[in-house]
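> Fold the stuff below for me.
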Amino acid sequence: MVSALYAVLGALLLIKFSFDVVRLRTQYHVGYGDGGFSELQVAIRVHGNAVEYLPIGLILLLFVEMNGAQKLDGASWRYPAYRRPVDALLRFPSPALQLASFRHERHLVRAGADGAR
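Numbering: from 1, shown residues only. You can find the predicted model right below:
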């Protein structure tokens, strides 16, 4: 289950964000609130957003996993070939289309990263 991996990564992020807030509070000698320091305000908000959104995201990911999303993806591509077992032409395009869509996504991600520079 991939959700366990994301739960661990999320917990590590929360620990890192907590340490960032503690470090900045110590650096600026602020015990309560943000003391008007923008860097501390950002760190507090980053930690707050993670605490608010990580748990619901993990719960939703777990629900998707429990409902068989990983099986649905592959099966949805191959469904036409399974309906007509004698039609060998429909069996080959399924993995090829999956691979092509994956390569297209990687290309889009790479293009987006290059455009951000």
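> can you pull the buried residues of the helix or strand hosting Ala50?
Here Ala50 sits within helix 38-66, counting by DSSP states H and E. By 16 or more other Cβ atoms under 10 Å, the buried positions in helix 38-66 come out as 40, 43-44, 47, 50, 54, 58, 61-62. Every residue, glycine included, has its C-beta placed from N, CA and C.
> nearest to Gln27, of these?
Distance to Gln27 across these (Cβ to Cβ) is lowest for Leu40, with 8.5 Å.
> didn't the closest one look like it was pressed against Leu24?
Yes: if you go by Cβ atoms under 8 Å, Leu40 and Leu24 touch, sitting 4.6 Å apart.
> any common contacting residues for the two?
Residues touching both Leu40 and Leu24 by Cβ atoms under 8 Å, 6 or more residues apart in numbering: Val30.
> Against His47, how distant is the closest residue to His29 other than its chain neighbours?
Excluding its sequence neighbours, the residue lying closest to His29 (Cβ to Cβ, 6 or more residues apart in numbering) is Gly35, at 7.9 Å. Distance, Gly35 to His47, by Cβ to Cβ, to the nearest Å: 16 Å.
> try Gly31
In this view, Gly31 and His47 are 16 Å apart by Cβ to Cβ.
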